[in-house]
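S.K.: just a sequence and a predicted model for now, questions to come.
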Amino acid sequence: MDSAAPRIVLVGATGVLGTAIIELIEELGIRHREIRLVASDRSAGREIPVDGRLETVRSLADFDFAGADLVLFCTAEAVSRRYVPVARAQGALVVDSSGAYRTDPDTLLLVPPVNGHLLERPPFGVLAGPGALTVPLVRLLHCVEQYRGVRQVVMSSYQAASAQGRQGIEELLEGSELALRDPDAELPADLFRPALAFNVVPVAGRMLESGASTEEQRIEQETRRILSLPHLDISANCVQVPVVNGHAAAVFVEAALPVERAELAALLAGLPRVVVHGDRPGAFPTPLTAGDPDRIHVGRIRVVPHNPRAFWLWLIVDNLRAGAALNLLQIAEAASARRRPGAGARLR
């Protein structure tokens, strides 16, 4: 037993993001004195192995957060809104993955390698992680801003079914199997409308009156806030594609000064947990072939011939691990180190 390590509560432990959190806690040796797994009533009673021992999943409806040092919420917005205040009232440090608190001015929206300095002045309220594509985007743009400045960003994303959790994956797989058996069959379209199987859906989230989607609006707002660039000219276009897991994005950036391609590639490759892939055919990353799920994968870096200040890059991120779970754990570790001097943050 490590008396200096936190008692952790993981809410949403049986979902795809909660599962990724558990995997990373084991693989990275995240220090903890105790871990309690919490989920909905239908998952209560299940036993899940964590660090070689079985932990019983408890029901969120009647769970007592007393004694918890750190609570990680991997839940839907409605669940977070209801239970985050309960956990906070018990004195726990709360890190939330949903969008429930991201726009709250009293909530710190964090990607620690970019704006972790905001944690230097505890106490703080709810800590929130941004969306899975915002994390890699701001990591890369932060480097470019320091290198040559950023004037404009245009991103087109291609988002996997796992963004909708386990049900999203199941709907895609069920629809794909049904379409292969009967091309004329009516495919399931509860989470993705129209159906995602063998299709491309040019909207993620709800449509707004402006014609944009809530997902596009969120990425734009989160990027400006985390980079502390409130007037950044950024536009996003979000597309859902029939991929089980792993988001992709084509990103256009116009810098304030001319960019040298080899120098830019070397700078990005020097960032922690970033891999820059080569240019030969087949070397660029894809959701299927990128490799290490805990790294941001970049390829196809190219400067626009008629504008030496502008460049394109291709981005791949495992949206469950590098895009969400790892960032949540980095937030938790950095914040715990501030609250408990001597703990020391080591996740980079």
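M.R.: Good, I have the coordinates.
S.K.: for the helix-or-strand element of the chain with minimal mean pLDDT, which positions count as buried?
M.R.: Each helix and strand of the chain was given a mean pLDDT (mean pLDDT, DSSP states H and E); the minimum falls on helix 326-339 at a mean of 91. Neighbour-count burial for helix 326-339, counted by 16 or more other CB atoms under 10 Å, picks out 326-336, 338. Where C-beta positions appear, they are placed from N, C-alpha and C, glycine not excepted.
S.K.: against which helices or strands is it packed?
M.R.: Other helices and strands packing on helix 326-339, by 3 or more CB pairs under 8 Å, 6 or more residues apart in numbering; DSSP states H and E, are helix 16-27, strand 70-73, strand 93-96, helix 112-115, strand 127-128.
S.K.: show me what the fourth one is packed against.
M.R.: If contacts are counted by 3+ CB pairs under 8 Å, 6+ apart, helix 112-115 sits against helix 134-147, helix 214-227, helix 326-339.
S.K.: please apply the same query to the last one.
M.R.: Counting by 3+ CB pairs under 8 Å, 6+ apart, the packing neighbours recorded for strand 127-128 are strand 93-96, strand 108-109, helix 326-339.
S.K.: same question for the third one.
M.R.: Applying 3+ CB pairs under 8 Å, 6+ apart, one finds that strand 93-96 makes contact with strand 70-73, helix 77-89, strand 127-128, helix 326-339.
S.K.: average model confidence for that strand?
M.R.: Strand 93-96 carries an average pLDDT of 96.
S.K.: pairing partners for that strand, with directions?
M.R.: strand 70-73 (parallel), strand 127-128 (parallel) (DSSP bridges).
S.K.: give me the number of residues near the nearest residue to residue 83 once chain neighbours are set aside?
M.R.: Leaving out its chain neighbours, the residue that sits closest to residue 83 by CB to CB, 6 or more residues apart in numbering is residue 60, at 6.3 Å. Residues lying near residue 60 (other CB atoms under 10 Å) number 22.
S.K.: mind giving me TSV with the helices and strands packed on helix 112-115 and columns for distance to residue 199?
M.R.: Putting these into TSV (distance: least, CB to CB, whole Å) gives the following:
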stretch	distance to residue 199
helix 134-147	25
helix 214-227	17
helix 326-339	30
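S.K.: so which of those gets nearest residue 37?
M.R.: Closest to residue 37 of the helices and strands packed on helix 112-115, according to CB to CB: helix 326-339, at 15.4 Å.
S.K.: what distance separates the closest one from the centre of its chain?
M.R.: 15 Å (CA atoms, centre = their mean, to the nearest Å).
S.K.: what comes into contact with that helix?
M.R.: 6, 21, 24-25, 28, 30, 69-70, 72, 74, 93, 95, 97, 110-113, 116, 119-120, 122-124, 127, 129-130, 135, 273, 294, 343-348 (CB atoms under 8 Å, 6 or more residues apart in numbering).
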